[in-house]
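Colleague: Fold the following, please.
(one chain, ligands or ions: 1)
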Amino acid sequence: MVDTLRSGWVTTGPKAKRFEEAFGAFLGDPELHCIAVNSATAGLHLALEALGIGPGDEVITTTHTFTATAEVVRYLGADVKLVDINPATLNIDPAAIEAAITPRTKCIIPVHYAGLAADMDAILAIASQHGLKVVEDAAHALPTTYKGQLVGTLNSDVTVFSFYANKTITTGEGGMLVTRNPEVAARAKVMRLHGINRDAFDRFTAKVPSWYYEIVAPGYKYNLTDIAAAMGLHQLGRATAFQRKREELAAQYAQALAGLPLVLPPQPAAGDMHSWHLYVVRLADGARLQRDAFIETLFAEGIGCSVHYIPLHQHPYWRERYALQAADFPHSQHAYERMLSLPLYTRMTVDDVQRVAAAARRALLG
Ligand SMILES: *Cc1c(COP(=O)(O)O)cnc(C)c1O
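Modeller: Below you'll find the model as predicted:
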């Protein structure tokens with residue numbers, strides 16, 4: 001980052017390009033186009049725009065997510081069809097996707113919730129059977145594998161990662177759009193920066209005077225700065241070690257919380273990698289505390305928890321826009337009422353995990 005500041009070129013340029021190349025190398029697939037953007041929200045918006053989603057279209061996604069997953073559909077004037085989750089995985093339920101398909105459906109956006117891969121074989125099969133696009137919201141999924149393959153290299157149309165402050169790697173704000181489709185990549189690159197038909201950086205570093213450019217579309221301002229990309233390069237170098245640390249902490253939690261009236265997070269399939277972006281537990285039926293009181297009790301002991309997320313069907317905008325009711329999403333609603341995310345961060349120690357578990361034990365068993 002200091003090198004970037006000293007270089008005099010602080011916005012999108014050589015570091016963003018290096019970050020994109022390094023990201024492709026990390027995913028290990030030379031066919032991938034990686035396009036750095038200033039948020040995952042921007043990446044999801046660009047992905048849907050490049051796939052031609054627009055007014056009259058419907059996009060299916062999970063209610064059990066952050067609003068960014070769905071709001072981008074509305075940016076383009078298309079409609080969102082929210083569906084329920086599989087209660088065992090907290091990921092979008094393929095059967096619910098199938099049931100929600102109409103002649104207007106164009107795309108599915110699965111979310112790899114908490115860092116556990118969604119049921120991609122089923123989702124991709126439904127998509128190919130009905131001629132739908134698939135855009136993976138991989139904001140939680142760096143690195144996550146599905147049947148041994150890294151998320152980002154599966155057979156969807158586009159995958160989008162987030163480098164927001166609390167994600168597994170961060171650039172402060174940032175994201176990466178990944179696709180194998182050269183037309184989608186070209187369109188996303190143009191729309192990332194004002195609809196200009198060539199990169200500003202290419203223009204300013206060309207060997208010949210090169211002031212000319214053309215605007216070919218009303219684009220957006222979604223480029224990633226070199227300052228952020230420099231951070232990303234160093235964070236990416238640590239992504240594997242971060243994942244190992246988070247996986248260790250998750251295993252320690254599982255041991256320390258055993259025997260409490262808690263449903264522990266779903267585990268990945270044998271041999272697969274979970275990013276452990278979030279450690280989401282659910283209070284078991286019959287636990288003596290309800291979720292809110294449990295969070296308050298832990299808070300009083302200096303332990304901060306959160307809820308990821310208030311499902312979209314509970315928010316006024318989504319509820320009113322589509323006349324949604326909690327009863328339409330029984331599994332998400334059931335999970336929401338009982339779930340909380342325990343602290344999980346790479347500088348956490350075994351003692352920290354023990355302290356959280358001890359506080360949870362006192363709260364739940366006395
Ligand atoms: C964080 C997050 C996003 C948005 O990421 P930004 O980089 O903050 O735009 C999208 N979807 C999910 C599931 C997220 O958790």
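Colleague: And the next helix or strand past the longest helix along the chain?
Modeller: Looking only at the chain and at elements set by DSSP state H, the helix with the highest residue count is helix 239-256. Proceeding C-terminally, helix 239-256 gives way to strand 262-263 as the next helix or strand, assigned by DSSP states H and E.
Colleague: by contact count, what packs against that following strand?
Modeller: In this structure, strand 262-263 makes packing contacts with strand 279-283, judged by 3 or more CB pairs under 8 Å, 6 or more residues apart in numbering; DSSP states H and E. From N, CA and C alone the C-beta is placed, and that goes for glycine too.
Colleague: Briefly note if the strand it packs on comes near the ligand.
Modeller: No. Strand 279-283 stays out of contact with the ligand when judged by CB under 6 Å from any ligand atom, the minimum separation being 12.3 Å.
Colleague: for stretch 72-83, same thing?
Modeller: No. No part of stretch 72-83 sits near the ligand under the criterion CB under 6 Å from any ligand atom; the closest distance found is 8.9 Å.
Colleague: Show me where the chain has its strands.
Modeller: 33-37, 58-62, 79-83, 105-109, 133-137, 145-146, 149-150, 158-162, 175-179, 262-263, 279-283, 339-342 (DSSP state E).
Colleague: the domain parsing of the chain - what is it?
Modeller: The domain map for the chain lists 2-236, 239-365, with the assignment taken from automatic domain parsing.
Colleague: hey, which of the ones you listed is tucked in deepest?
Modeller: Between the domains of the chain, the one whose residues have the most neighbours on average, counting mean count of other CB atoms under 10 Å, is domain 2-236 (a mean of 20).
Colleague: gap between the two ends of that domain?
Modeller: Across its full length, domain 2-236 reaches 18 Å between end residues, using CA to CA, to the nearest Å.
Colleague: mind listing the helices in the protein by residue range?
Modeller: Per DSSP H, the chain carries helices over the ranges 2-7, 14-27, 40-50, 68-75, 94-100, 120-130, 182-192, 200-205, 226-237, 239-256, 291-300, 316-321, 330-338, 350-365.
Colleague: Can you tell me which of those helices has the worst average pLDDT?
Modeller: Between these, the one with the least mean pLDDT is helix 200-205; it has a mean of 65.
Colleague: quick one: contacts for the closest residue to V158 other than its chain neighbours?
Modeller: Distance criterion CB to CB, 6 or more residues apart in numbering; nearest residue to V158, sequence neighbours excluded, is A47 at 3.9 Å. For A47, the contact set (CB atoms under 8 Å, 6 or more residues apart in numbering) comprises V135, D157, V158, V160, L177, T179, V184, A188.
Colleague: what pairs with the closest residue to L344 other than its chain neighbours across the strands?
Modeller: Counting by CB to CB, 6+ apart, the nearest residue to L344 once its immediate chain neighbours are dropped is Y279, at 4.3 Å. For Y279, the beta-bridge partners under DSSP bridges are L342.
Colleague: hang on, isn't Y279 packed against S341?
Modeller: Yes. Y279 is within contact range of S341, at 6.2 Å (criterion: CB atoms under 8 Å).
Colleague: Now tabulate the strands of the chain in JSON lines and tack on distance to V356.
Modeller: Formatted as JSON lines, the strands of the chain follow (distance: least, CB to CB, whole Å):
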{"stretch": "strand 33-37", "distance to V356": "35"}
{"stretch": "strand 58-62", "distance to V356": "28"}
{"stretch": "strand 79-83", "distance to V356": "32"}
{"stretch": "strand 105-109", "distance to V356": "33"}
{"stretch": "strand 133-137", "distance to V356": "28"}
{"stretch": "strand 145-146", "distance to V356": "27"}
{"stretch": "strand 149-150", "distance to V356": "30"}
{"stretch": "strand 158-162", "distance to V356": "25"}
{"stretch": "strand 175-179", "distance to V356": "30"}
{"stretch": "strand 262-263", "distance to V356": "12"}
{"stretch": "strand 279-283", "distance to V356": "10"}
{"stretch": "strand 339-342", "distance to V356": "6"}
